[in-house]
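> Fold the following.
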Amino acid sequence: MILITDDQIQELQPYIYNIDKYIQDDDIQGLLDAVDDVIISNILKNNDEPDEEGVRLQGLYDDIYYQNWE
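Residues are numbered from 1 along each chain as shown. Purely as a prediction, here's the structure:
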C-alpha cells in the first residue's frame, strides 16, 4: 500500500491525471517516476533550474519517497 496523504494526492492531481491508478495498483515506483517526469519538465522549461513550483514538486517527491521507504 502506498503511503500518501490526501493533501499530497490533491497537489499532484493537476500534474498526474492517472494518480489514482498508481495508488490503486500500489505502484510507488511508477508514481515517483511520473512525479519525476513533471519535475524534469519544469526544470527544462526554466533554463535548467526549477522554479518555485518545481521546488515544491521536488519536496512532494522527497516526502512520498521517505514515507514509503524509511
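
> other SSEs contacting the helix or strand harbouring residue 56?
Using DSSP states H and E, residue 56 falls within helix 52-69. On a contact count with 3 or more C-beta pairs under 8 Å, 6 or more residues apart in numbering; DSSP states H and E, helix 52-69 meets helix 6-12, helix 28-45. (Glycine included, C-beta is placed from N, CA and C.)

> Would you mind finding the most buried of those helices?
The highest mean neighbour count among the helices and strands packed on helix 52-69, using mean count of other C-beta atoms under 10 Å, belongs to helix 28-45: a mean of 16.

> relative orientation of that one and helix 52-69 in degrees?
Per axes from the mean of the first three to the mean of the last three C-alpha atoms, to 10 degrees, the angle that helix 28-45 makes with helix 52-69 is 160 degrees.

> Using PDB, list the CA coordinates for helix 28-45.
Output of helix 28-45 as PDB, limited to C-alpha atoms (Å, rounded to 0.1, in the frame of the first residue of the first chain):
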ATOM      1  CA  ILE A  28       5.100   3.500  -5.900                       C
ATOM      2  CA  GLN A  29       7.900   3.400  -8.400                       C
ATOM      3  CA  GLY A  30       5.500   4.300 -11.300                       C
ATOM      4  CA  LEU A  31       4.100   7.200  -9.200                       C
ATOM      5  CA  LEU A  32       7.600   8.500  -8.300                       C
ATOM      6  CA  ASP A  33       8.700   8.200 -12.000                       C
ATOM      7  CA  ALA A  34       5.600  10.200 -13.000                       C
ATOM      8  CA  VAL A  35       6.400  12.900 -10.400                       C
ATOM      9  CA  ASP A  36      10.000  13.000 -11.600                       C
ATOM     10  CA  ASP A  37       8.900  13.500 -15.200                       C
ATOM     11  CA  VAL A  38       6.900  16.600 -14.100                       C
ATOM     12  CA  ILE A  39       9.900  17.900 -12.200                       C
ATOM     13  CA  ILE A  40      12.200  17.400 -15.100                       C
ATOM     14  CA  SER A  41       9.700  19.100 -17.400                       C
ATOM     15  CA  ASN A  42       9.600  22.100 -15.000                       C
ATOM     16  CA  ILE A  43      13.400  22.300 -14.900                       C
ATOM     17  CA  LEU A  44      13.700  22.200 -18.700                       C
ATOM     18  CA  LYS A  45      11.100  25.000 -19.100                       C
END
